[in-house]
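Peer 1: When you get a sec, could you give me coordinates for this:
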Amino acid sequence: MTANRKAERRTALVTGASRGIGSGIARHLLDRGLQVAATYRSGQENVQKLALAYPELVLPVHLDLTDPDGAPAAVEQIRARWGRLDSLILNAGVWSGGKLAKMDPSGWWGVIETNLRSTAAIARAAIPMLAEGDNSSIVIVGSVVGEVGFAGDTAYASTKAAAVGFARSLAKELAPDGVRVNVLAPGFVETDMTAAVPDGSRRKIASETLLGRFGTVDEIARAAVFLSEDATFCTGTVLAADGGWSL
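Peer 2: As a prediction, this is how the structure comes out:
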């Protein structure tokens, strides 16, 4: 650890922290006493509410995944505010469903480019600060559909499968710097996105899940924090949090 790190508290950057899983992860990290840079694209009000609930511990950061300059700017805001970064949780991404033969090619490739490019860009920008600390980590929020596939989800599943190869390769690159890199692979979770799933499909998914239900944001957030803060001998790992759906 370098001697000039300004803040004493561990500091995290959580992308897509304005709602759903990202918001849950940010809250759990805050409850553990971490400082959190919470990124948003369109949910500024939600992040501002989080900042009001945790004074001095939240740094709202606007981040558009399609902006090539966004990631370096976000990391520089953290350096200016706190002077350290210990945990990077890459949760933000875009989704667009549809069968390959019917999906517009530009939309299909848009999902691939946005999700993969943003993952690489943010990690690249954050690595120098992460390497300055002790027990630094990167957690990529993937999906079990990247492991087993899902009809009508080829674009999104492709990005989540790529996240595994990316994380395992990066884990080997960053091990000499003491930075762990892991993937959290949630299954179907109760969020705004899955609220639109038709009742018949929800019943089918629940019946195929060993625990018989969708997961909760709280359950996924706790798993992410475990990988980030507690799993100090885990790197290159993929942790499925899917209630047994993928078995």
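
Peer 1: low pLDDT regions in the protein?
Peer 2: 1-5 (pLDDT under 70).

Peer 1: Could you measure from the most centrally placed residue in it over to G22?
Peer 2: Centroid-nearest residue in the chain: N91, 2.0 Å away (criterion: Cα atoms, centre = their mean). Going from N91 to G22 by Cβ to Cβ, to the nearest Å gives 4 Å. Just so you know, the C-beta spots here come from the backbone N, C-alpha and C atoms, and that holds for glycine as well.

Peer 1: phi, psi of the residue nearest to the centre of the chain?
Peer 2: Phi and psi for N91, reported as degrees, to the nearest 10, are phi -110, psi -30.

Peer 1: my guess is it meets T15, correct?
Peer 2: Yes. Using Cβ atoms under 8 Å, N91 makes contact with T15 at a distance of 5.3 Å.

Peer 1: Quick check: neighbours shared by those two?
Peer 2: G22 (Cβ atoms under 8 Å, 6 or more residues apart in numbering).

Peer 1: one step back: from G83, how far off is the residue nearest to the centre of the chain?
Peer 2: Distance of N91 to G83, computed by Cβ to Cβ: 24 Å.

Peer 1: quick one: contacts for the residue nearest to V217 when sequence neighbours are not counted?
Peer 2: Closest residue to V217 apart from its sequence neighbours, by Cβ to Cβ, 6 or more residues apart in numbering: G24 at 4.0 Å. By Cβ under 8 Å, 6+ apart, the contact list for G24 reads 217-218, 220-221.

Peer 1: So which residues of the chain form strands?
Peer 2: Ranges of strands in the chain, per DSSP state E, are 11-14, 35-40, 58-62, 87-90, 136-141, 179-186, 238-241.

Peer 1: Report the backbone C-alpha coordinates of the first one in CSV.
Peer 2: Provided in CSV are the C-alpha atoms of strand 11-14 (Å, rounded to 0.1, in the frame of the first residue of the first chain):
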residue,chain,number,x,y,z
THR,A,11,-13.4,2.6,-1.1
ALA,A,12,-15.5,1.0,-3.8
LEU,A,13,-16.7,1.9,-7.2
VAL,A,14,-20.1,0.4,-8.1
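
Peer 1: So which residues lie in contact with it, not counting its own?
Peer 2: Counting by Cβ under 8 Å, 6+ apart, 22, 25-26, 29, 34-39, 61, 74-75, 78, 82, 84-89, 91, 122, 126, 228 sit against strand 11-14.

Peer 1: Find me whatever residue is spatially closest to A241, sequence neighbours aside.
Peer 2: Once flanking residues are discounted, A241 sits nearest to A223: 4.5 Å by Cβ to Cβ, 6+ apart.

Peer 1: May I see the buried residues of the longest helix along the chain?
Peer 2: Taking DSSP state H as the criterion, the chain has its longest helix at helix 105-130. Neighbour counts over helix 105-130 (16 or more other Cβ atoms under 10 Å) mark 108, 111-112, 114-116, 118-119, 121-123, 125-127, 129-130 as buried.
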